[in-house]
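Asker: sequence? don't have it. structure:
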């Protein structure tokens, strides 16, 4: 899935590429295409924390949120 699609929704943010790969793989194992954006800047060693956005198609957003909530042992967000 191209990362420049304007209609992608951010499902979560993680601090680095390694965490992003784990989340993207989890979503893909559950049939949801996902991409990580911002990994290049998150790799810099600076005072500011990195930020990698995990993005999915809008039609997959609710399912992705549920998968991530279950993976963390949380209740999925409502609304």
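Answerer: All right, it came through fine. Fair warning: this is a prediction, and the values are worked out from it, not measured in the lab. Residues are numbered from 1 along each chain as shown.
Asker: So what sits opposite the residue nearest to residue 68 when sequence neighbours are not counted in the bridge?
Answerer: Leaving aside its sequence neighbours, residue 68 sits nearest to residue 12 (C-beta to C-beta, 6 or more residues apart in numbering; 5.9 Å). To be clear about C-beta, it is placed using only N, CA and C from the backbone, and glycine gets the same treatment. Taking DSSP bridges, one finds residue 54 as the beta-bridge partners of residue 12.
Asker: Tell me which stretches of this protein form helices.
Answerer: Ranges of helices in the chain, per DSSP state H, are 17-29, 39-42, 61-72.
Asker: Show me what counts as buried in the longest one.
Answerer: To tie it back to what came earlier, the one meant is helix 17-29. 17, 19, 20, 23, 24, 26, 27 (16 or more other C-beta atoms under 10 Å).
Asker: which helices and strands sit right next to that helix?
Answerer: With contacts taken as 3 or more C-beta pairs under 8 Å, 6 or more residues apart in numbering; DSSP states H and E, helix 17-29 sits against strand 9-14, strand 34-37, helix 39-42, strand 52-56, helix 61-72.
Asker: Mean pLDDT lowest where, among the ones you listed?
Answerer: Per-stretch mean pLDDT for these is lowest at helix 39-42 (a mean of 55).
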